[in-house]
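K.L.:
what follows is a predicted protein model with its sequence.
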Amino acid sequence: MVWTAPQTDRLDGPFVGDEREVLTGFLEYQRATFLWKCSGLTGEQLARRSVPPSPLSLLGLVRHMTDVERSWFVRRVAGRPVEMRYFDTDPDDPDIEFTGAAAEGAEKDYALLISAIDEARAALAEFPFDHVFEHPRHGPVSTRWVVTHMIEEYARHNGHADFLRELIDGATGE
């Protein structure tokens with residue numbers, strides 16, 4: 001049997017709430033939109049590259065977002081050590097999360113993203129938006145900034161996912 005990415009639901013909102021409820025609602029919507037763009041596709045389809053020689057694929061984005069979620073929320077906000085799944089795992093290939101995306105690993109890679117999102121949610125739940133940590137390159141950074149950045153990160157990659165999905169099977173949508 002051929003594995004396909006599972007269907008996912010996207011829920012709007014909340015349209016009313018405090019800052020945390022609204023911003024985490026936007027983040028959850030962007031996460032769900034990305035998973036929705038992947039839903040129903042096989043590993044082969046997810047691994048299909050956009051425009052050679054670019055290594056960009058939906059599966060590459062799955063792998064990329066796995067480490068982004070863990071890096072920002074678990075390593076930075078929560079301050080816990082995190083071993084990257086893809087980033088910096090090949091000193092000769094700085095884009096390994098994209099170049100190493102292969103159909104046969106799609107199910108595992110997708111499961112790692114779901115796990116990373118769950119880890120990130122748990123880490124975020126532990127800290128107020130005013131929590132500040134020291135980033136080695138940016139200096140002091142707040143949890144609020146991380147959430148806002150992650151909304152932007154997903155929104156940008158969801159734009160890529162729109163084009164990739166249309167290239168794969170013609171499906172379009174917001």
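P.N.:
Arrived safely.
K.L.:
which regions of this structure lie under the pLDDT threshold?
P.N.:
Regions of the chain meeting the criterion pLDDT under 70 are absent.
K.L.:
all strands of it, in order?
P.N.:
Applying DSSP state E to the chain gives strands spanning 132-135, 139-142.
K.L.:
what is the last one packed up against?
P.N.:
Counting contacts by 3 or more C-beta pairs under 8 Å, 6 or more residues apart in numbering; DSSP states H and E, strand 139-142 packs against strand 132-135. In short, each C-beta sits where N, CA and C put it, glycine included.
K.L.:
what sits up against the strand it packs on?
P.N.:
76-77, 79, 140-143 (C-beta atoms under 8 Å, 6 or more residues apart in numbering).
K.L.:
about what we covered before: between the strands of the chain, which one is closest to residue 20.
P.N.:
Closest to residue 20 of these is strand 139-142 (C-beta to C-beta; 12.5 Å).
K.L.:
how about that closest one: buried residues?
P.N.:
By 16 or more other C-beta atoms under 10 Å, the buried positions in strand 139-142 come out as 141-142.
K.L.:
over to stretch 38-52?
P.N.:
38-39, 41-43, 45-49.
K.L.:
which pair of the residues you listed spans the longest distance?
P.N.:
For these, and using C-beta to C-beta, no pair is farther apart than 39 and 49, which are 19.6 Å apart.
K.L.:
that concludes my questions; thank you for your assistance.
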